[in-house]
Each structure stands twice: as C-alpha cells, then as structure tokens.
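*Asks:* the amino acid sequence is not available; the structure is as follows:
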C-alpha cells in the first residue's frame, strides 16, 4: 500500500521544528529515521496531514556524559549507541539491548527517540531505558522543557506521554554506581535507594538468593542467564520490579528482549 497524501516540511533547526510542530499540533507528525512511521503510513494506520522532517536538526543528535550522567540526543541513531565506547564502558545494558534491534540497516537509520516515541511494548530500547531509570526530555515552543519518567513516557501500547506540540529532544540516563563483585552475581549496583542485580551469563537467579527489596528494584538478567517463569512471577509478588533480559524467561531459545518486553507490558510495569 501507499501512504495517504501529506504535506512535507523540513526543519532547519530546533526552534524551527518546534514552531512547525506548534503550527500543526493536531495533524503533524515528526519523521526522522522513519523505521516505524513509514510502515504505519503505508498501511494507513497513521494519517498525518503534515510530516515534519528533523533529520537536519543537529542539536538533537549526539552522545555525551556530564556529572556521570549519560545524555542521548533523540535523533541519535541506534548504530551510534551500539558503537559508542562511552556506552559500552559505562552503560553496557544499552549496548546489549540495542544489538537486538532489527538488523544493521534498520539500526543505521532508526533513532533512539523514534523508538521511544513509538512506544511499542515489543521494542528493546524502551525496556532497557526503563530498567536504567531513564528520564525523557520534551520541549514545546509554548511551555519550554519538561521531564518524563518511563511510566509517563510509555503511556500504553503505541502511545507515548508527549503532548501534541511537544518534541522529544533527549534522554538522560543516571550514572550507575560502581559494581561490587559477588561470588554468585556479576555485581550489584546501588543508586537512589534502588538495587539493580545483574546476573552473570549462565547463572539462574533464585528469589531466595536475593534480599527483600526496601525500595524500587530492577532485576536484570544477562542475555545468557535467566529465571524460570514462576521465579519471575514470585519476584514480582515480593515487590521486585523484575525486568529480565534472557531467553529462559519465556522458556524458548529464540525469545529475545522484545518478547520479554511484551511480557512486561502485560504485567503493567510501563
């Protein structure tokens, strides 16, 4: 199928993009990588009257660290995250997750911001960013900037928390505390009263091995580790916000991050 007719505007800078979005808030859509939006247009699941191209807005691209915190511009391509030494060295979960995104051609075009705005519960980056307690920075011409947490950003299936005139400009990921070696785990990272358990490859975590949570807890299981499904449900019942990245969760060798993310969405952790 072919997309319905639409007007096409190219933003020459961030302020111009915000102006175009404000002028077309009811009917406009932002397009960058287009890896999610273009198929929706072709199937006529989306029918914007105006597409606003932000590919030339350089302020929206880039990966940087300040005060230990990671900042990813919304226009940053998946491939840039995958190849970033900064991310590989300090936020390895993001690098592990992004490598599950489609294939290299898609990762070369698709953007981190676009994936988050699409809010697909089967996507890899939303679940990884949720696990890392990321913040999403939105800006509008009328009201300026505001910050959204994952529960606010991922409002539902294919539904984000942005207002019609808001543009996602960046994602902030908090610093992860230094990892402490433990005999059974790859490590524990503590931050803001939250504990994140990162399972070593091949290690199955049992609920009895974990201390009872005193605050929000993310249980992150490495790509080769895993929890039996019953253990994961028990962890949730005990108060753990369990986000597992491993095929054993669904008891299939082919299940990847997206399948686990879909399970998490059904549990209501978004």
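*Replies:* Structure's in. What do you need? Note that this is a predicted model, so its numbers are computed, not measured. Residues are numbered from 1 along each chain as shown.
*Asks:* hmm, who's touching the helix or strand containing residue 113?
*Replies:* Assigned by DSSP states H and E, residue 113 falls within helix 112-118. By Cβ atoms under 8 Å, 6 or more residues apart in numbering, the surrounding residues in contact with helix 112-118 are 30, 32-37, 60, 72-78, 81, 101, 123, 125-126, 129, 136, 153-154, 158, 160, 162, 168-169, 171. In this view, the C-beta of every residue, glycine as well, is placed from N, C-alpha and C.
*Asks:* what is the mean pLDDT for it?
*Replies:* Confidence for helix 112-118, expressed as mean pLDDT, is 96.
*Asks:* which is the next helix or strand following that helix?
*Replies:* Sequence order places helix 124-131 as the next helix or strand after helix 112-118, per DSSP H and E.
*Asks:* helix or strand right after that following helix?
*Replies:* Sequence order places strand 135-140 as the next helix or strand after helix 124-131, per DSSP H and E.
*Asks:* now the angle from that next one to helix 124-131?
*Replies:* Here the directions of strand 135-140 and helix 124-131 differ by 110 degrees (axes from the mean of the first three to the mean of the last three Cα atoms, to 10 degrees).
*Asks:* could you name the helices and strands sitting against strand 135-140?
*Replies:* The elements that strand 135-140 packs onto, with contact taken as 3 or more Cβ pairs under 8 Å, 6 or more residues apart in numbering; DSSP states H and E, are helix 14-23, strand 144-149, helix 150-153, strand 166-173.
*Asks:* just name the most buried of these.
*Replies:* Across these, the average number of neighbours (mean count of other Cβ atoms under 10 Å) peaks for strand 166-173, which reaches a mean of 22.
*Asks:* could you list the residues in contact with it?
*Replies:* Residues from elsewhere that reach strand 166-173, judged by Cβ under 8 Å, 6+ apart: 14, 17-18, 21, 30, 54, 59-60, 69-74, 91, 94, 112-113, 116-117, 129, 132-140, 145-147, 160, 162.
*Asks:* state the mean pLDDT of stretch 147-161.
*Replies:* Stretch 147-161 shows an average pLDDT of 91 in the prediction.
*Asks:* only the buried subset of the contacts of strand 166-173, as a PyMOL command please.
*Replies:* The following PyMOL line selects those of those that are buried, judged by 16 or more other Cβ atoms under 10 Å:
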select buried, resi 14+17+18+21+30+54+60+70+71+72+73+74+91+94+112+113+116+117+129+132+133+134+135+136+137+138+139+140+160+162
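*Asks:* nearest spatial neighbour of residue 95, chain-adjacent residues omitted?
*Replies:* Excluding the flanking residues, the one nearest residue 95 by Cβ to Cβ, 6 or more residues apart in numbering is residue 88, at 4.8 Å.
*Asks:* that neighbour contacts residue 98, doesn't it?
*Replies:* No - in this structure residue 88 lies outside contact range of residue 98 using Cβ atoms under 8 Å: 10.4 Å.
*Asks:* could you chop this protein up by domain?
*Replies:* In terms of domains, the chain is parsed into 7-53, 61-173, 187-267 (source: automatic domain parsing).
*Asks:* mean confidence (pLDDT) on the shortest one, please.
*Replies:* Pointing back at domain 7-53 there. 95.
*Asks:* pLDDT-wise, which helix or strand of this protein ranks last?
*Replies:* For the chain, counting by mean pLDDT, DSSP states H and E, strand 187-191 ranks last in confidence among helices and strands (a mean of 33).
*Asks:* SS state for the residue nearest to residue 95?
*Replies:* helix (DSSP: H, G, I helix; E, B strand; the rest coil).
*Asks:* with residue 95 instead?
*Replies:* The three-state label given to residue 95 by three-state DSSP is helix.
*Asks:* residue contacts, it?
*Replies:* 81, 82, 84, 87, 88.
*Asks:* are any of those buried, and which?
*Replies:* For the contacts of residue 95, a neighbour count by 16+ other Cβ under 10 Å gives the buried set as 81, 82, 84, 87.
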